[in-house]
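> Fold the following and give me the result.
(one chain, ligands or ions: 3)
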Amino acid sequence: MRTLIKNARVIDPASGHDAPGDLWLEDGKVLEITPAGARAAQKNDAVIDAAGAVVAPGLVDLHVHLREPGEEYKETIASGTRAAAAGGVTSVACMPNTHPPIDNLATVEMVLSKAKQQGVVNVYPIACITKGRKGEELAEMGELQAAGVKAVSDDGEPVASPMLMRSALQYAGMLDLLVINHAEEKSLTGNGVAHAGFMAAKLGLSGVPRSGLEIMIARDLLLAEETGCRLHIPHVSTAGAVRMIREAKARGVKVTAETAPHYLALTDECLATYDTNVRVNPPVPEASDQAALIAGLQDGTLDAIATDHAPHSRREKEMEFALAAPGISGLETSLSLVLTTLVATGKMSLLEALRRMTANPAAILKIPKGTLAPGADADVVIFNPEAERVIQAKEFVSQSNNTPFDQWQVKGRVLATLVAGQVVFFDPAFEGKIRKV
Ligand code: NCD
Ligand code: ZN
Ligand code: ZN
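Ligands and ions are numbered 1, 2, ... in the order given. All right, here's what the predicted structure looks like:
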């Protein structure tokens, strides 16, 4: 089966390609990129007219909470992967802070088999660093890796013990497994619910000082440097963290890092409404931190943009700010927020922004995704980067609609998403552009 996606602006950050043309897919793989109209479609080829749209590798999101098993009232593998597809995301790495946690072979296999049966995008389960996420003893990393796990994390909780974190890096290092540590020093972050700045003080919210995040990042960078092992730092949110990661990279430390779209779009000024949808961990910082995050993305200090998609039910958000569960449902807004905050503002080219959502996260996870190279899996997003739209939380495909971006006017509309050459999402208005010859 062949598919022609024609008349597009084809962008493949992995090869630096950005030009008008056609993308050909065959039997679930990328066949080739050709100049527009270079070859005509044959009988039985599917044709998608992507005039005016961008065609790019499907987005790779290396930090997503799918909530299954155990919290299916927030999200499931089925609903979360559908939300991903609606956001142009074709591969997700899902965090193991589920109930039970993904810390053993049986649970990894359960997630993989559900993903195969009910998921519409590729799912890469991240397993726990420690058994039960308790920070006491290491999980069976070799066994987990043999089942297909690419990374380990106790996300939501830090590995508090420096000794255990050092062992984790060494064991994972031997297996070339990626360690992602939720960087938070609990004795400093305590019961803080907002960035410890002027706004939190004014509003009477208990604060999370930057040091509460940065001390743990400093520790982990020292351990990664000493052991020579790979470390990935999730949800980077402060200027100090960017500076330390930049310095560590310059010294050759094997560290990669991500930030999330909400840190690019929000500052702590937005706390003024007490909207619990703004409550997220780590908290949204000040404008000066946001500027440092953008500079970090521009100079490559921050490798990837990941959503930290953290769905929560209404029940967990409709309460006073300090008691609300932290997290933002992000899969369906990430591309638009990146287009609006980075690309439309001229801070980053479309190709470079997409690199941080495709080739870079795929390289961090060491998965063969995020490229339109011939022979690659035909995972593709088709989107209009210029379209203006108003975010409608109530129309989310995700089971949860905890977003601070409801009613925001943004740029960018996903028109269709393909996984292994199959259309897994399309905008109803775009349907007519998809046809058989
Ligand atoms: C995440 C969650 O809800 O699981 N919440 C969040 O605010 N980011 C946990 C996490 O990513 O640390
Ligand atoms: Zn976390
Ligand atoms: Zn997370």
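> check whether stretch 298-316 contacts ligand 2.
No: judged by CB under 5 Å from the ion, stretch 298-316 stays clear of ligand 2, getting no closer than 6.7 Å. For every residue, glycine as well, the C-beta is placed using N, CA and C.
> Please point out which parts of that stretch sit buried.
301-313, 316 (16 or more other CB atoms under 10 Å).
> contacting residues for the residue in the stretch 101-250 of the chain that ligand 2 sits nearest to?
Across the stretch 101-250 of the chain, the shortest distance to ligand 2 (CB to the ion) belongs to His182, at 3.6 Å. His182 makes contact with 153-158, 234-235 under the criterion CB atoms under 8 Å, 6 or more residues apart in numbering.
> Format those as TSV; extra columns: neighbour count, secondary structure and distance to Pro209.
TSV is the format used below for the contacts of His182 (neighbours: other CB atoms under 10 Å; DSSP: H, G, I helix; E, B strand; the rest coil; distance: CB to CB, whole Å):
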residue	neighbour count	secondary structure	distance to Pro209
Ser153	25	strand	23
Asp154	30	coil	22
Asp155	23	coil	21
Gly156	17	coil	20
Glu157	19	coil	19
Pro158	21	coil	15
Pro234	22	coil	19
His235	25	coil	16
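> ranges for the strands of the stretch 201-350 of the chain?
207-208, 231-233, 255-259, 304-305 (DSSP state E, counting those that start in this stretch).
> distance of whichever residue of the stretch 101-250 of the chain sits closest to ligand 3 from ligand 1?
Relative to ligand 3, the nearest point of the stretch 101-250 of the chain is Asp155 (4.4 Å; CB to the ion). Note on Asp155: its distance to ligand 1, by CB to the nearest ligand atom, to the nearest Å, is 5 Å.
> swap in Glu320?
Glu320 sits 17 Å away from ligand 1, going by CB to the nearest ligand atom.
> what do you get for Pro125?
In this structure, Pro125 lies at 15 Å from ligand 1, with CB to the nearest ligand atom as the measure.
> Let's verify the closest residue to that residue other than its chain neighbours: helix, strand, or coil?
Closest residue to Pro125 in three dimensions, ignoring its sequence neighbours and counting by CB to CB, 6 or more residues apart in numbering: Val111, at 4.5 Å. Classification of Val111 using DSSP: H, G, I helix; E, B strand; the rest coil returns helix.
> so what's Val111 up against?
Contacts of Val111 by CB under 8 Å, 6+ apart are 66, 68-69, 77, 94, 102, 123, 125.
> Please convert the residues you listed to a markdown table, extending it with pLDDT and neighbour count.
A markdown table is the format used below for the contacts of Val111 (pLDDT from 0 to 100; neighbours: other CB atoms under 10 Å):
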| residue | pLDDT | neighbour count |
| --- | --- | --- |
| Leu66 | 98 | 31 |
| Glu68 | 98 | 23 |
| Pro69 | 98 | 17 |
| Ile77 | 98 | 28 |
| Cys94 | 99 | 28 |
| Ile102 | 98 | 27 |
| Val123 | 99 | 23 |
| Pro125 | 98 | 26 |
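> list the contacts for the residue in the stretch 301-437 of the chain that ligand 2 sits nearest to?
Here the stretch 301-437 of the chain gets closest to ligand 2 at one residue, Asp308, 6.7 Å apart by CB to the ion. By CB under 8 Å, 6+ apart, the contact list for Asp308 reads 63-65, 234-235, 260, 262, 280, 327-328, 330.
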